[in-house]
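*Asks:* here you go, sequence then predicted model.
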Amino acid sequence: MSTFASPLAAEEKDPQFAYTLARGLQVLRAFEGQGAGLGNRDISAIIGIPRSTVARLTRTLGLLGFLHYDPQSTRYRLTAAMLTLAYPVLAQLPIRQVARPHMQALANYAKGSVSLAMRGGLHLVLVESCVDPKAVTRPDIGAVRDMADTALGMAYLVGLGQPQREALLSELLARMPATPASARRARKSVIEAEFKRCASHGFCMASNGPGATLAVGVPLCLSAGMAMSLNCVVAKHVTSEKSMAQDIGPRLVKLAGDLQRLMGHKA
């Protein structure tokens, strides 16, 4: 399933909305999590636009150097030129360099991963990630995470002002695909319980299924316009919910506080 939506109805009515540009960006985003490359038919199915249109867009993006075409497999893959689009964003985030050694220390202690994220549309994008050599999960910069069912996402929501948080949460729940109203209500109940946990303990928690991982997340607000979040993810065979709640969670809260002070932010 695609991790993004097609242009909204409001945008489609905007005479200044550049449809071709929007569709070109949709083509590039279709490659999220697709390690083996994609053909025009695959891209068409993912983003929901005609194959003939996709073919023109991939041809153009190939000529611009953002896609590479393999004639043997008839598939496209992203090129290193895509990194030049992300670098200006990363370069203007000094928090990454400040946070890295502290994040690595916690990742090593927890035997897991510690990541820093900021919003990208209706998802979170990792802008820094540190991993213990023995960790099971090895997230990297640019990876996308859901807001509604991860500790990282719920912590981000906590860090927003109430009106913005409620509006964003409503949109996230409304966009849950093929989900009955009862499931959305249940998800909202879980999220609100984590909001209360964060209010009392400073962090949210989430579990990624049996035999997988446990995670804690904390909001990180560096300024009025810079809402971010931190998480620590550890394999279940390495830790326990009790350890995450009583040890790792408080350490992550302290890390967030330390980073805010180091960046000169006054709570």
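*Replies:* In hand now; what should we look at? Numbers count the residues shown, from 1 in each chain.

*Asks:* only C-alpha atoms for contact and neighbour calcs from this point on.
*Replies:* Noted.

*Asks:* so where do the helices sit in the stretch 51-200 of the chain?
*Replies:* Secondary structure of the stretch 51-200 of the chain (DSSP state H, counting those that start in this stretch): helices at 51-63, 83-91, 95-110, 151-158, 162-174, 181-201.

*Asks:* which of these sits most buried?
*Replies:* helix 151-158 (a mean of 29; mean count of other CA atoms under 10 Å).

*Asks:* can you tell me what sits against that helix?
*Replies:* 117, 123-124, 145-148, 165, 169, 191, 194-195, 198, 203-206, 215-220, 227-231 (CA atoms under 8 Å, 6 or more residues apart in numbering).

*Asks:* run the last query once more with 7 Å
*Replies:* Helix 151-158 has contacts (CA atoms under 7 Å, 6 or more residues apart in numbering) with 124, 146-148, 165, 191, 195, 203-206, 215-219, 228-231.

*Asks:* could you give the average pLDDT over that helix?
*Replies:* Confidence for helix 151-158, expressed as mean pLDDT, is 96.

*Asks:* all the strands of this structure, residue numbers only.
*Replies:* 67-70, 75-78, 113-120, 123-131, 144-146, 204-207, 213-223, 226-235 (DSSP state E).

*Asks:* dump these into CSV; add distance to Met154 as well.
*Replies:* Listed next are the strands of the chain as CSV, based on distance: least, CA to CA, whole Å:
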stretch, distance to Met154
strand 67-70, 34
strand 75-78, 31
strand 113-120, 12
strand 123-131, 10
strand 144-146, 9
strand 204-207, 7
strand 213-223, 7
strand 226-235, 9
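
*Asks:* turn these into TSV, including mean neighbour count and distance to Gly249.
*Replies:* Compiled in TSV, the strands of the chain are given as follows (neighbours: other CA atoms under 10 Å; distance: least, CA to CA, whole Å):
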stretch	mean neighbour count	distance to Gly249
strand 67-70	18	41
strand 75-78	20	37
strand 113-120	24	12
strand 123-131	23	17
strand 144-146	19	19
strand 204-207	24	8
strand 213-223	25	6
strand 226-235	25	8
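
*Asks:* in TSV: the ones you listed, plus mean pLDDT and distance to Gly257.
*Replies:* Below are these laid out as TSV (pLDDT from 0 to 100; distance: least, CA to CA, whole Å):
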stretch	mean pLDDT	distance to Gly257
strand 67-70	95	41
strand 75-78	95	38
strand 113-120	95	14
strand 123-131	95	17
strand 144-146	91	23
strand 204-207	94	15
strand 213-223	92	8
strand 226-235	94	11
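
*Asks:* looking at these, which is closest to Ala86?
*Replies:* strand 123-131 (9.8 Å; CA to CA).

*Asks:* partner strands of that closest one and their direction?
*Replies:* strand 113-120 (antiparallel), strand 144-146 (antiparallel) (DSSP bridges).
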